[in-house]
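Peer 1: this is a predicted model, with the sequence first.
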Amino acid sequence: MSAATALAEIKARISVAERDAGRPAGSVTLIAVSKTFGADDIRPVIEAGQRVFGENRVQEAQGKWPALRDETPGLELHLIGPLQSNKAREAVALFDVIHTVDRDKIAAALKAEMDRQGRRPKLFVQVNTGEEDQKAGIPPAEAVAFVERCRAEHGLAIEGLMCIPPVDENPSPHFALLDELALRAGVAGRSMGMSGDFETGIRHGATHVRVGSAIFGSRPSPAG
């Protein structure tokens, strides 16, 4: 299946999931996750009409997206992988949305860079709904207070929350928890759902779903 065909299939499934959930058509933003794929793999998806993409690593994104944006104005780039404070400058310069704010050090670094550069990427707070030691994200019990602190102490506008459920668990309780926390925090965005569970995410109120392998195919093996 070509990437263009796969993209059309995913968009059709999103439309059905929106309708089944009683959601307005077009209420869910599809983020095509292009991490590990090169520009030649991404161009057919752009040519098929996709304009919103996600990357996990700042450095990898820097290597391909400036040229792709020169070719096609209007692309929107989301950072969906962990962010280190020493990459805040590059992240603010390159990304339109950052999904992985999860600690005060990152919040402060982003605010400083946003003020310095005059850019205002939209920000989501990542919540570690499964409280997994190896995974980034703020614990659920601290999420609402952290959003409030981002606003009051760091002067940041938080657009929403993001989560990545544990791979071996039913995602529904995690998505329900994120929806509840978003309501309590007073944020509209809910970034939840990937290739295997985005329809479940939509049922629970996802505003953004992050789909990679179902569009681009299996990811290339790491070099070496």
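Peer 2: Perfect, thanks for sending it.
Peer 1: from here on, contacts and neighbour counts on C-alpha atoms
Peer 2: Noted.
Peer 1: list the contacts of the spatially most central residue of the chain.
Peer 2: Centrality entry for the chain: nearest residue to the mean C-alpha point is Ile80, 4.3 Å, by C-alpha atoms, centre = their mean. Ile80 sits next to 54-56, 98-100 when contact means C-alpha atoms under 8 Å, 6 or more residues apart in numbering.
Peer 1: with Leu161 instead?
Peer 2: Contacts of Leu161 (C-alpha under 8 Å, 6+ apart): 99, 124-127, 178, 182, 187, 189-191.
Peer 1: make CSV out of the residues you listed and add pLDDT and secondary structure.
Peer 2: Output for the contacts of Leu161, formatted as CSV (pLDDT from 0 to 100; DSSP: H, G, I helix; E, B strand; the rest coil):
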residue, pLDDT, secondary structure
His99, 98, strand
Phe124, 98, strand
Val125, 98, strand
Gln126, 98, strand
Val127, 98, strand
Leu178, 98, helix
Ala182, 98, helix
Val187, 98, coil
Gly189, 98, strand
Arg190, 98, strand
Ser191, 98, strand
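Peer 1: list just the nearest of the contacts of Ile80 to Phe198.
Peer 2: Proximity of those to Phe198, judged by C-alpha to C-alpha, is greatest for Gly54, which lies at 15.0 Å.
Peer 1: pretty sure the closest one is touching Thr36, no?
Peer 2: No: in this structure Gly54 lies outside contact range of Thr36 using C-alpha atoms under 8 Å: 10.8 Å.
Peer 1: could I get the contacts of Ile80 in JSON lines, plus columns for distance to Ile164?
Peer 2: Rendered in JSON lines, the data for the contacts of Ile80 read as follows (distance: C-alpha to C-alpha, whole Å):
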{"residue": "Gly54", "distance to Ile164": "14"}
{"residue": "Glu55", "distance to Ile164": "15"}
{"residue": "Asn56", "distance to Ile164": "13"}
{"residue": "Ile98", "distance to Ile164": "15"}
{"residue": "His99", "distance to Ile164": "11"}
{"residue": "Thr100", "distance to Ile164": "11"}
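Peer 1: thanks a lot, see you next time.
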